[in-house]
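# Below: sequence and its predicted model.
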Amino acid sequence: MTQKGQNKMSEPVSALNGRSYDGFACVVETGLQGMITIRSDLGSKPLSKALKSLGVSVPKMRSFAQADDVMVAWMSPDELLLLCDHARARSLTAQLEQALAGTHALVVDVSDARAMFTVTGARAQEVVMKLSPIDFATLADDEIRRTRTAQVNAAVWRSGADQLSLVCFRSVAGYVMGLLEVSARKGGEIF
Amino acid sequence: MLILTCPYCGIRAEETELHAGGEAHLKRFGPGASDAEFETYLFARKNPKGVHFERWRHSAGCGKWFLAARCTATLEVFGTYSAQTTQPPKHILDAIKAKRPNWEGLV
Amino acid sequence: MSTRLSKGGRLIDRATSLSFSFNGKPMHGFAGDTLASALLGAGQSLLGRSFKYHRPRGLVGSGAEEPNALVSMGRNARFEPDQRTTTTELFAGAELKSQNHWPSLNTDIGEINDKFSKFLPAGFYYKTFMGPRAAWKHLYEPIIRHSAGLGAAPKEADPDRYEQAYTYADVLVVGGGVAGLAAALKHGAAGKRVWLVEQTAHWGGRTPVDGGQIDGLDPQAWVDQTLTRLKAMPNVTLRTRFMAAGLHDHGYVIGYESVGETAPDSGKPRHRLWRMRVGLTITATGAIERPLAFAGNDVPGVMLASAVRDYVVNWAVSPGDRTVIVTNNDDAYRTALALTEAGLTVPAIIDARDSAIGELPELARAKGIRVLEGRGIARALGRKSVTGVQICAQAGEGGAVEDIACDCVAMSGGWSPVVHLWSHCGGKLTWDDSHAMFRPDPDRPPLGDQGQAMVQAVGAANGMLQLQDVMAEANVPAFAEAEAAMSAVWLMPAGAGEALKAKAFLDFQNDVKVSDVQLAAREGFESVEHTKRYTTLGMATDQGKLSNINGLAILSDALGQPIPATGTTTFRPPYTPISLGAVTAEAKGDLFQPLRRTPIQSWHEAHHAHWEPVGQWRRPYTYPRGEETHRDSVNREILNTRENVGLLDASTLGKILVKGPDAGKFLDMLYTNMMSTLKVGKCRYGLMCNENGFLMDDGVVARLSEDSFLVHTTSGGAEHIHGWMEDWLQCEWWDWKVYTANLTEAFAQIAVVGPKARMILERLGGMDVSADAFPFMAWQEGELGGIPVRVFRISFSGELSYEIAAPASRGLELWEVLVDAGSDLGVMPYGTEALHVMRAEKGFIMIGDETDGTVIPQDLNLNWAISKKKADFLGKRAQERSYLANPDRWKLVGLETLDGSVLPDGSHAPLDGFNANGQRLLQGRVTSTYYSPTVKKGIAMALVHRGPDRIGEEIAFQGENGMVACRIVDQVFYDTEGAKQNV
């Protein structure tokens, strides 16, 4: 079964390698995305200092804050998720760990534990309406909503005027892509 | 299908986003406890028709456990509150008494 | 005979003709028709046969209440039985077939049941097929099954799409009649987020048919004007073809929307199920007219008066040329007026009341219509269609005073508010004697999460049966002819004898007659719920929309008690049937449930893995080559791993990071053994028990740093154990400084196993993997072949073994590098079965095999992994209980079959004698059993009574063919000293 000279990869690959689908909205697996989980007292000074050095402040409940190259989202009263370039995640994890050394905190690179999608188009919301119990009328522009997408957990936020972003676990990326595809099929427009 | 507001993230979560965890305010008995105490801890559960205190986890959300006081007969929710407490806080008890004046209290 | 009128029809578009077929016969209708109006317009009034007596049946109603007119629709994969003709819109090419008859609709052998109907009363089945016992299986059941059921089940997978959607509203108004429109307008104007939904394709409900004036306008004009205003409100959503199916706790409403129903190949979903969360639901669901119970009231052509009016006014369909009206109220006179308006004949209005002197009767008389007061119908004549009625005194026993020829009878027994949504979630009803109906009791509404009323009923659904009353509720002036009081009529004539009552139908679909309900009462069925089940009253697909009130009135009469004392049966969702496709929505085929994939899954697929489901993962069971059997390939994988080197995708193993100053203390509570003493850089195997003391999970813990540990769990256990940790940290020891993170999916994990494992890793380079630098039960972080890795020297097979964790994004790359590097060393992947056999050869336990939720570690001889030093750990107190501490338990041993055969899974070792329940006494049970290619015989592990004390003893286990003699042995079959893993 071993084939010598098999075409081998030497680059990291995301769960679905950028698969996309065009329906009444466009669904894209966005490829590699750096993600860092930070668990800490969110009021801690070293934390706000560390984030400040990245250009962001500690987000309020359910909101996210963005700078040029990072985004930090509130996950729970003692957890943040930092999004950054995939290649930078390892070093940034170490940098944050260093910054929080001496405090009770956990910083860990979870980039590869996740898959990320965008749903783009004027009707993007109608795709996610079919899968998640989100009241979009109450979802603020800077809010991240942790919920479920059909049978798996996910987080959803508005990443543009006509765009939603969605994060789920890597192992169910294929399932979530399938859900988004069937929900975005032409003819399934809701309004 | 119930709606409970998670006190940690403020989401009015529907039951499919939650995981039920049974009766709240149980006292753990470990080594050294009598058989009777241990039996009560493991097996004796209240099953009231009326005011009840329960554990719920916002499992498809912020992941936090919280506690809820509700009426098992009408499903009215008197309030949700932090899991980091051994007794229902006063504002929850007040809310219950306001709506159920005849409630005999935690027994 | 029914026919299409040459003019009129407010809902049809005569310019758009649609072809369809009924039992193969081509017919046509118009856009805007329902299947029912199209069939009736095409002259088809006989539409099916009843369930039990196979009596000819036609349309009774014009909407959701219809009990009879069910047809099969479509063909092949789109075949579907029991489509309701009154609620399904006509579309081009619809293929309809009647049901429940053989050989044909007109000639039905089953009709014989009707001849013997007096021998087939309520409870017939319960009383008749009593014995002999064997006859049930071989005679009664096959016959009953053959004759039971309406229509046939489709045989192919449904090709249509279905979906669900979530929505939220402050106010949901159910019903797009004038009451619903007015309610939506009020709340829309107040700025509320409003949804207004209507189950049919049209707004306005009954009022445009029934007439009157609203706010100085013709009802249709008012409807149009109100719609225009609503459409201009951005906070109001309007949907037709949208049925509110059920109302549940805390304002959860299930909506059922027909989207692509009439356009099967349009690419639209056929149905959409809405999961709505609503602050206040306003039910403006109207009312349903009640039939009258007289003999022959089920003959095709006998219809509800409102339905007759609907067919004429809405669809320009005349159900008959000569229609006799029979009523106990003024409203039915509107049917007479509508019929004469359309140029049809009304030979008489038979009014059961002693006098009819209201505004509407006077209008009828002014049109020259004959009104008979104090009269009833003794029986309707005709079989496949009504040919006339025999008139009698309502107060009498049915002596005919006159026969009137007719081809349609329009009956009205009064109206029942549609209270289903009000009642679904606990709203209570009150009896309104003046209209002989149950209506919502506003003092006892269904309650929401704040204890507030979450449903409000308006309009006819609230018992307002006259337009002016309906609109007065909404503060809109309106006017219609005033109606005089109705008079309850539950049986016609009042003194009808047995022969008439046995043909006076209450439930048309299930063939329940007045005589059946009275029989049930005589036989002691006093509860309405029991009577329902005994007689099947209201248990048909229409769920008794027409029959329930009449039935419970008859029951009350038989029991000599007032109707409210009898009460109603329970109203259950859905209001009308909904498709299973809509309930399933996306959750079918590949999306039936989440299928979790490891980063290496595509390689396994490309290499013909045979799969084993493990939780939501699918792991390779084995990788058969060519024609190899699974058993052969498993044996090959085992032998190769023991002789050369094997690769296992262990990515599914749970990996939880536990960090903080109290992490060691926390793990000491979670595990039965001591974890806080583990040295950084080392690994330790541990057991987790629940508070009941039973073994729950196991795995290897690696200490990453002074304050952080990596906990490995079983493949199925990662989420559960992570949740378990968070539960204790959040709810019990919330002052302990510990954080956890579930990293299961962040890493691909590959076990490189076998004597040549080290050689492969050396070839990859980047890390010193020598025995000295990297001893057994240690871990190291670094690079292998340029890939960042964390390597654990742990073994679940007894061989030299390295478990390599790499970032998931590079997992496949690492796997391929390993396959490449070991090709000349005989590297082969192995699956979960080889993993299982190899661990069993070593006597290692597997959670789920050796444990079943009732096994404590001590049962598995794992006392060495239970700390005696710790004051407390989860499960410790439980294990001190007398029956768990008792040495007299079933404990783990190995088994060797004397003949070398393989024991069946789960096999028991019986003892002589029986327990108090008459069950055979047992002394042991097989927990794992395999053919071991290593020791070349069947091996097993078993829990045996005092097993470890009985090593060497022979014991018989149940085999496939009789008892199999076994010897109790030590559970370790291979490399008992553990030398091979520690090289």
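Happy to help now that I have it.

# quick one: residue C:338 and residue C:313 touch, right?
Yes. Between residue C:338 and residue C:313 a contact is recorded at 5.7 Å, counting by C-beta atoms under 8 Å. Bear in mind the C-beta positions are built from the backbone N, C-alpha and C, glycine included.

# shared neighbours, the two?
Here residue C:338 and residue C:313 have residue C:209 as joint contacts, going by C-beta atoms under 8 Å, 6 or more residues apart in numbering or on different chains.

# what's near enough to touch the residue sitting nearest the centre point of chain A?
Central residue of chain A (C-alpha atoms, centre = their mean): residue A:167, 3.9 Å from the mean position. Going by C-beta under 8 Å, 6+ apart, residue A:167 touches A:35, A:114-117, A:154-155.

# Of those, which count as buried by neighbour count?
A:35, A:114-117, A:154-155 (16 or more other C-beta atoms under 10 Å in any protein chain shown).

# Leaving aside the residues adjacent along the chain, what's closest to whatever residue of the stretch 151-300 of chain C ends up closest to chain A?
Here the stretch 151-300 of chain C gets closest to chain A at one residue, residue C:267, 3.4 Å apart by C-beta to the nearest C-beta. Once flanking residues are discounted, residue C:267 sits nearest to residue A:187: 3.4 Å by C-beta to C-beta, 6 or more residues apart in numbering or on different chains.

# Just the local confidence number for the closest residue to chain C within chain B, please.
Closest contact between chain B and chain C, by C-beta to the nearest C-beta, is at residue B:76 (4.0 Å). With respect to pLDDT, residue B:76 scores 97.

# hang on, it packs against residue C:451?
Yes. In this structure residue B:76 lies within contact range of residue C:451 using C-beta under 8 Å: 4.0 Å.

# Show me whatever sits in contact with both of these two.
In contact with both residue B:76 and residue C:451: residue B:99, using C-beta under 8 Å, 6+ apart.

# Phi first, then psi, for the residue nearest the centre of chain C.
Nearest residue to the geometric centre of chain C (C-alpha atoms, centre = their mean): residue C:583, 6.5 Å. With angles defined as degrees, to the nearest 10, residue C:583 sits at phi -70, psi -40.

# contacting residues around it?
residue C:273.

# And it, how close does it get to chain B?
Residue C:583 sits 15 Å away from chain B, going by C-beta to the nearest C-beta, to the nearest Å.

# Could you check the pLDDT of that residue?
For residue C:583, pLDDT reads 97.

# Show me what the host helix or strand of residue C:557 is packed against.
Residue C:557 belongs to helix C:548-559 when assigned by DSSP states H and E. On a contact count with 3 or more C-beta pairs under 8 Å, 6 or more residues apart in numbering or on different chains; DSSP states H and E, helix C:548-559 meets strand C:505-507, helix C:514-522, helix C:528-535, helix C:563-566.

# try it again with 6 Å
Counting contacts by 3 or more C-beta pairs under 6 Å, 6 or more residues apart in numbering or on different chains; DSSP states H and E, helix C:548-559 is packed against helix C:514-522, helix C:563-566.

# nearest to residue C:105, of the ones you listed?
helix C:514-522 (25.5 Å; C-beta to C-beta).

# Pull out the buried positions in the closest one.
Residues C:514-521 are the ones in helix C:514-522 that count as buried (16+ other C-beta under 10 Å).

# ditto for stretch B:88-100
Buried residues in stretch B:88-100 (16+ other C-beta under 10 Å): B:88, B:92-93, B:95-96, B:100.

# got it, and stretch C:670-686?
Of all the residues in stretch C:670-686, those buried under the rule 16+ other C-beta under 10 Å are C:670-675, C:678, C:683-686.

# same question, stretch C:610-624
C:610-611, C:614-624.

# ok, and the closest non-adjacent residue to residue C:491?
residue C:293 (5.3 Å).

# Confirm that that neighbour sits in a strand.
No. Counting by DSSP: H, G, I helix; E, B strand; the rest coil, residue C:293 is not part of a strand but coil.

# pretty sure it contacts residue C:516?
No. Assessed by C-beta atoms under 6 Å, residue C:293 is found out of contact with residue C:516, at 11.6 Å.

# so how far is residue C:679 from residue C:523?
Noted for residue C:523: a distance of 80 Å to residue C:679, by C-beta to C-beta, to the nearest Å.

# re the thing from before, when you compare where the helix holding residue C:557 runs with where helix C:528-535 runs, what's the angle?
100 degrees (axes from the mean of the first three to the mean of the last three C-alpha atoms, to 10 degrees).

# And the contacts of helix C:548-559?
C:290, C:293, C:416, C:490, C:506, C:514, C:517-518, C:521, C:528, C:531, C:537-538, C:563, C:566 (C-beta atoms under 6 Å, 6 or more residues apart in numbering or on different chains).

# Taking helix C:514-522 as reference, get the angle to it.
50 degrees.

# residue contacts, the residue in the stretch 51-200 of chain C that chain B sits nearest to?
Per C-beta to the nearest C-beta, the residue of the stretch 51-200 of chain C with the smallest distance to chain B is residue C:166, at 8.9 Å. Contacts for residue C:166 (C-beta under 6 Å, 6+ apart) come out as A:129, A:133, C:275.

# C-terminal to the helix or strand encompassing the last one, what's the next element?
Using DSSP H and E, residue C:275 sits in strand C:271-283. Secondary structure here is assigned by DSSP H and E; on that basis, the next helix or strand after strand C:271-283 toward the C-terminus is strand C:287-289.
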